[in-house]
Each structure stands twice: as C-alpha cells, then as structure tokens.
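**Q** Structure for the following, please:
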Amino acid sequence: MSRPFSEHVGGEEWRRETEEWIAEQLKRDGRSVTGEITQPRVRPWSTQLVVPTDAGTLWFKANCPSMAFEPLLHAELARIVPDAVDAPYAYDAGRGWIVTADRGTTLGDSHEPTPDDWRALLGEAARMQRIVAEHRDELLSTGLPDCSPVTVPERFDRIVETFEALPTEHPSYVSPDLGRELRDKRPAIVDAAALLAEGSLPATWQHGDLHPWNVFAPEGTGLRIFDFGDGQWSHAIEVLSVPYGWIEARTQLSWSEVVGAYADEWGLGEADLADQWDAAALTQPVNRALTWWACLTDATAAEWSEWGDAPLYHLKRVLEP
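**A** Numbering: from 1, shown residues only. Predicted coordinates for the structure are as follows:
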C-alpha cells in the first residue's frame with residue numbers, strides 16, 4: 001500500500017472499487033442498493049460502509065493489512081461454530097473485505113449489561129474456544145497470528161528491540177532505563193509462558209476485544225459474536241483480559257461475580273484459574289502490544305500522535321505488580 005490505510009480507504013478510486021464490488025455481490029441474489037452508501041468511521045485499522053439495500057441494511061468492512069485475515073477467519077468461525085457466529089454475506093479474503101447483515105442493536109447498546117449478560121458472554125466465549133481448539137491449522141491458515149505461549153518470549157525480545165530503535169520523540173520509544181527494566185522482567189515472562197504451555201487450558205482462538213458491544217443477542221437465539229480483527233491464536237485465558245479491564249474500569253460490577261461462568265465452562269477450579277490468570281498477565285500484554293503495533297504500521301502521522309502510545313502502554317503492563 002503506497003499510502004496510509006486511512007488515506008487509501010478515503011480516496012475516490014477505492015470508494016468506486018468497493019461500491020462496484022458490493023453491487024456485484026448483491027446482484028448474485030437479485031438485490032440492489034437503494035440509497036446512499038455512507039462511511040461512518042475511518043480508523044488506522046479499519047473502515048466501515050453502511051449499505052442500504054432492497055432486502056435490508058448491510059455492513060461492509062475493510063481492514064488494514066495486519067488485520068486482513070478477519071474475513072476469512074470470520075467465515076471459518078461461522079463454519080465451525082455456526083450457532084455463535086453468523087456467516088458473512090460476502091467476503092474477499094485477498095483484499096480484507098467483508099459484508100455482513102445488520103443484526104440490529106448490540107447487547108451493550110440495548111441496555112446496561114448485567115452480571116447475567118457478562119456471564120453469558122464469558123461462558124459463550126469459553127464454549128467457542130473449546131470447540132475451535134481442535135481447529136488450529138484451519139484458523140492459522142486464515143492468517144490469524146500465532147501468539148501461543150511458546151512464542152511469547154521471542155516476541156517480547158523483538159518488540160523491546162524495535163521500540164528501543166525508535167526515534168526518542170516517538171510515542172512508543174523505549175528509553176535505556178525502561179529497556180533495562182523490561183529485560184529484568186524477561187525471566188518472569190519466560191516462566192509464565194512455560195506455565196501456560198503446560199497448563200490445563202490450551203492455546204486456542206481468543207477474540208482479542210470481547211465486550212458486549214461486539215455481540216448481538218437476537219431474541220430467541222443465543223449470542224452472536226462479531227468483530228474478529230483483534231483475534232489471535234493464544235492461551236485461552238487471555239480472552240478474559242479485555243472483559244476484566246472493561247468491568248473494572250467502566251462498571252460497578254464485581255469481576256468475581258462473572259468470571260465463574262468462564263471457569264465453569266472449562267471445568268476449572270479456583271486455584272487453577274488463578275494460576276493461569278496470573279501468568280497471562282505477563283503474556284497477554286506482549287501479544288496485545290503486537291496487535292497495536294502491527295495495525296498502526298500504515299497509520300498517518302496524526303494517527304500515530306493519537307494512538308501511537310498504545311503499543312508501549314500494553315507492553316509496560318508486564319511491569320505492573
């Protein structure tokens with residue numbers, strides 16, 4: 001890509017190309033666009049188009065190169081767990097494009113999520129993980145990043161070295177003092193990765209950004225999860241990191257009220273859950289830093305200014321008590 005992602009998807013040529021492709025997909029079913037296609041959001045990592053048609057609204061999504069695996073991953077998950085993931089209406093894996101049907105209001109937008117909502121979401125995530133754990137090769141073949149525990153120490157080294165080599169004014173620059181502090185943490189990261197590799201939970205798909213605004217709850221059906229661009233193949237328990245942070249920072253709910261649903265689905269005892277959760281506090285930040293760094297590769301200078309501290313923010317979480 002010769003231009004930053006957001007500039008590319010904001011151009012007239014790209015818009016013309018996508019609208020022609022969307023029209024071709026609709027024509028297969030004798031459908032057509034009935035109004036103006038709008039572009040409500042452009043980010044360094046993705047953009048969306050809202051497509052009014054004679055059979056209801058469709059959503060188009062295009063991903064930056066590092067997340068271009070999402071359409072094919074979405075299709076694979078819909079094949080493996082069709083009761084949890086709706087099949088896409090259309091997708092182009094090579095271009096990272098996907099079209100999905102409008103499923104209405106998300107769970108989070110419909111009402112303030114209750115403890116029961118969170119328990120249902122965490123339990124469903126665990127159920128999906130159990131099923132897809134047997135499909136490693138199929139999911140990795142989509143381009144899903146392999147961030148399993150054994151890969152974490154080398155990734156940590158590479159990220160620290162990369163951030164140390166940045167210009168000092170870069171928002172993710174690692175100074176010599178911080179670099180030493182991070183490397184002092186490496187033995188603990190190695191031990192955590194080894195514990196997770198040998199633990200009772202496997203490496204499997206993890207959503208990467210699991211919360212009630214990335215799930216629909218159509219009446220009469222189970223939860224329908226979407227938005228898979230942050231996904232990784234990593235230790236199962238890392239999927240809890242975003243829900244934990246969301247609940248602790250944005251709600252008055254108690255984490256202990258809801259996490260049991262995840263443990264119960266896996267048949268985990270309290271001590272076993274706690275040990276793996278503590279270890280994941282050292283592996284998930286490394287993996288999350290990778291996601292942020294990769295999706296900002298094609299960002300503009302202004303976007304780096306706005307979001308560029310996110311990779312370092314997550315990496316530094318390994319230093320938290």
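
**Q** quick one, domains of the chain?
**A** Segmentation of the chain into domains, based on automatic domain parsing, reads 5-101, 111-319.

**Q** any chance of these in CSV, plus mean neighbour count and mean pLDDT?
**A** Every residue, glycine included, has its C-beta placed from N, CA and C. What follows is those, written out as CSV (neighbours: other CB atoms under 10 Å; pLDDT from 0 to 100):
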stretch, mean neighbour count, mean pLDDT
domain 5-101, 17, 97
domain 111-319, 18, 97
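
**Q** Distance of residue 9 relative to residue 301?
**A** 17 Å (CB to CB, to the nearest Å).

**Q** Mind telling me what element residue 15 is part of?
**A** Assigned by DSSP states H and E, residue 15 falls within helix 12-27.

**Q** One more: residue 99?
**A** When secondary structure is defined using DSSP H and E, the element that contains residue 99 is strand 97-101.

**Q** Walk me through which strands that strand pairs with, and which way each runs.
**A** According to DSSP bridges, the neighbouring strands of strand 97-101, each with its direction, are strand 56-63 (antiparallel), strand 90-92 (antiparallel).

**Q** next SSE after that strand?
**A** Following strand 97-101 in sequence order, the next helix or strand is helix 107-110 (DSSP H and E).

**Q** With only the CA atoms kept, save that next one in CSV.
**A** Extracted C-alpha coordinates of helix 107-110, given in CSV (Å, rounded to 0.1, in the frame of the first residue of the first chain):
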residue,chain,number,x,y,z
LEU,A,107,-26.1,-6.2,23.5
GLY,A,108,-24.2,-3.2,25.0
ASP,A,109,-26.3,-0.6,23.2
SER,A,110,-29.6,-2.3,24.0
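
**Q** quick one: buried residues of it?
**A** Of the residues in helix 107-110, those buried under the neighbour-count criterion (16 or more other CB atoms under 10 Å) are 107-108.

**Q** what helices or strands is that helix leaning on?
**A** For helix 107-110, the contact count by 3 or more CB pairs under 8 Å, 6 or more residues apart in numbering; DSSP states H and E identifies strand 215-216 as packing neighbours.

**Q** Contacts for the strand it packs on, please.
**A** Residues lying outside strand 215-216 but in contact with it, judged by CB atoms under 8 Å, 6 or more residues apart in numbering, are 103-108, 121, 223-226.

**Q** Same check on stretch 13-24?
**A** Stretch 13-24 has contacts (CB under 8 Å, 6+ apart) with 8-9, 32-33, 37, 39, 49, 51, 58, 60, 62, 92, 97, 99.
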